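Undergrad: With the input below, show me the fold.
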Amino acid sequence: MNTITLRTAALSCAAFALLSIGASHASAQVGVSIRVGSPPPPPPTVVYHQWHRPYRSAVWIPGHNEWVDGRWVYVGGYYTYPPRGGAVWVQPRYHHGYYYPGYWR
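TA: Here you go, the predicted model:
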């Protein structure tokens, strides 16, 4: 077969496919969805209950999911020292498709 015959056959197949699809699915709706950012975190699978404070200035960090190396990892609750007096822990959150990690304010 020569090049002109292959080109003609390919164009004929493409035209037939477009006409068939257009005629049979004229009323079909097509939707496209694009997600930017990380997927929403899964519900916690492990729950650590808060126990009594081990020392007076201890701050309880509740269990939460963290985005680590392309996947969600559950971190159980724990007590820790605040980095400075009066610091307040802000929980990590997932909002409008973006993950915001927890931090001290």
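Undergrad: Which parts of the protein are strands?
TA: Secondary structure of the chain (DSSP state E): strands located at 59-61, 64-68, 71-75, 78-80, 89-90, 93-95, 98-100, 103-104.
Undergrad: where does this protein dip in pLDDT?
TA: 1-4, 6, 9-38, 43-48 (pLDDT under 70).
Undergrad: what's the closest of the strands of the chain to R7?
TA: Among the strands of the chain, the nearest to R7 by C-beta to C-beta is strand 71-75 (47.4 Å). C-betas here are computed from N, CA, C, even on glycine.
Undergrad: strand partners of the closest one, parallel vs antiparallel please.
TA: strand 64-68 (antiparallel) (DSSP bridges).
Undergrad: What residues sit buried inside the partner strand?
TA: Of the residues in strand 64-68, H64, N65, W67 count as buried by neighbour count, 16 or more other C-beta atoms under 10 Å.
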